[in-house]
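Engineer: Just a sequence and a predicted model for now, questions to come.
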Amino acid sequence: MPIINRIADFHQEMKEWRQHIHANPELDFDCHKTAEFVVSKLREFGVEEIHEKIATSGVVAIINGKGEGPTIGLRADMDALPLQEIKDHDYKSLTDGKMHACGHDGHTTMLLGAAKYLSETRNFSGRVALIFQPAEEGGGGGEVMCKEGVMENFNIQQVYGIHNAPNLPLGAFSTNSHAVLAAADSFSIWITGEGGHGANPEETIDPVIVAVQIAQSIQTISSRNLSALESVVISITQIHTGTINNIVPGEAFINGTVRTLNKKTQSTVVKRLEEICKGTAQAFGAEAKLDYEYGYPPTVNHPNETSFALQVASEISGKDNVEGDALPIMAAEDFAYMLEKRPGAYLNVGQGDSAALHNPEYDFNDELSPIGASFFVKLVETAQPLD
């Protein structure tokens, strides 16, 4: 695997950076200490132009090449998860209830590694914009950075991101040229009936029965309202009602998530949820209020930029270790907002045998750092070569 030799030389440094970030996790937009660490390293590398406090704690650093040309964006996320780490190692999280369980510590490290190399060599034309983003895990930091104008302010023409993939062979790349990740929406349903004594249910309007009927009917959306070839996930994750065994409650609550790959499917799901809630509640004499919350949109790669990124990945890991027509993953990513603003691509890269993402036993594989950094560097040097 042709990792860039100079990056291999400072692999140990990258391990130290990553493990420092891992031991000091921060959540959502509150990535100030992580950002301070990133900025200190960038200054140590000789990066002259650093912009801080974008989307509260985000950082954008600009490295100028040796010739005139466009600007390419590279993005890494910095935030951790509200989980208690249970794996015991020297760099275990120092903060109870917070841990890097998705590898954002590794993503930040890979981009720092690329920054160190690119600032030393500057063997490219134009500029590279290094985007260190907070609040990927539900906060929508990518959207906020876009709303604050990172693409326009830094004249970014194309943008790329990568994510580690547990149990994909180390250094293997996987993506596709269309929707690589799903939209992630949520819904809440409040059902109002009329409570009473459990011995006299005929005198009540039982919201438990309504909740059960609605929950069962929701499961027919994917099987009866959408083609079997359509990708959709609808998961009911909460049903709450009642207080004691002999009282029919007056209210019930249902909550869940919807994952879709396109707006047509999404619209069908929303329409049927509304109809099911209204019709079922009316049939039982109850009321049901649906609150549908639109979350991250699908992460949709751009074909030309995906093809280019796969070519670069093949140079790093070999063609046999690159999959360019992978099935979409029904998880979500706020890099989607950046791909709505600019052409680019998002790739998964294997980190070998590992606990799953968002698992309290997960840990980023430090052997992946020089691979990811080399990929970022090759993207820049290939996209914007010197004449």
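Structural biologist: Done, it's in. Numbering: from 1, shown residues only.

Engineer: Against residue 96, how distant is the closest residue to residue 360 other than its chain neighbours?
Structural biologist: Computed as C-beta to C-beta, 6 or more residues apart in numbering, the closest residue to residue 360 that is not its neighbour in sequence is residue 86, at 4.6 Å. C-betas here are computed from N, CA, C, even on glycine. Separation of residue 86 from residue 96 (C-beta to C-beta, to the nearest Å): 12 Å.

Engineer: out of these two, which sits in the more crowded spot?
Structural biologist: Between residue 86 and residue 96, counted using other C-beta atoms under 10 Å, residue 86 has the larger neighbour count: 12 against 8.

Engineer: State the distance from the more buried one to residue 363.
Structural biologist: Going from residue 86 to residue 363 by C-beta to C-beta gives 11 Å.

Engineer: Around residue 286, count how many other residues there are.
Structural biologist: Residue 286 has 22 nearby residues by other C-beta under 10 Å.

Engineer: Report the contact partners of it.
Structural biologist: Shown in contact with residue 286 (C-beta atoms under 8 Å, 6 or more residues apart in numbering): 191, 192, 193, 205, 207, 210.

Engineer: my read: the fourth one touches residue 282, true?
Structural biologist: No. The pair residue 205 and residue 282 fails to qualify as a contact (C-beta atoms under 8 Å) at a distance of 11.4 Å.

Engineer: Compare the two and say which is more crowded by neighbours.
Structural biologist: Taking other C-beta under 10 Å, residue 205 and residue 282 do not tie; residue 205 has more neighbours (20 against 12).

Engineer: any idea how far the more buried one is from residue 191?
Structural biologist: 10 Å.

Engineer: Nearest residue to residue 215 in space, ignoring adjacent ones along the chain?
Structural biologist: Residue 215 sits nearest to residue 236 (C-beta to C-beta, 6+ apart), 5.4 Å away.

Engineer: Touching, that neighbour and residue 258? I think so.
Structural biologist: No. With contact defined as C-beta under 8 Å, residue 236 does not reach residue 258; the gap is 10.4 Å.

Engineer: With neighbour numbers in mind, choose between these two.
Structural biologist: Remark: of residue 236 and residue 258, residue 258 carries more neighbours, 25 against 17, as counted by other C-beta under 10 Å.

Engineer: need the contact list for that one.
Structural biologist: Contacts of residue 258 (C-beta under 8 Å, 6+ apart): 183, 184, 185, 186, 187, 232, 233, 234, 266, 269.

Engineer: from those residues, which would you call buried?
Structural biologist: The neighbour-count test (16 or more other C-beta atoms under 10 Å) marks 183, 184, 185, 187, 232, 234, 266, 269 as buried among those.

Engineer: who's in contact with the helix or strand hosting the fourth one?
Structural biologist: Of the helices and strands defined by DSSP states H and E, residue 187 is found in strand 183-192. Applying C-beta under 8 Å, 6+ apart, the external contacts of strand 183-192 come out as 207, 210-211, 214, 241, 250-261, 266, 273, 277, 281, 286-298, 331-332, 336.

Engineer: Quick check, pLDDT for the closest residue in space to residue 283 that isn't next to it in sequence.
Structural biologist: Nearest non-adjacent residue to residue 283, counting by C-beta to C-beta, 6+ apart: residue 213, 8.0 Å away. You'll see residue 213 listed with a pLDDT of 98.

Engineer: right, and residue 213 touches residue 281 too?
Structural biologist: No. The pair residue 213 / residue 281 is not scored as a contact, 9.1 Å apart, by C-beta under 8 Å.
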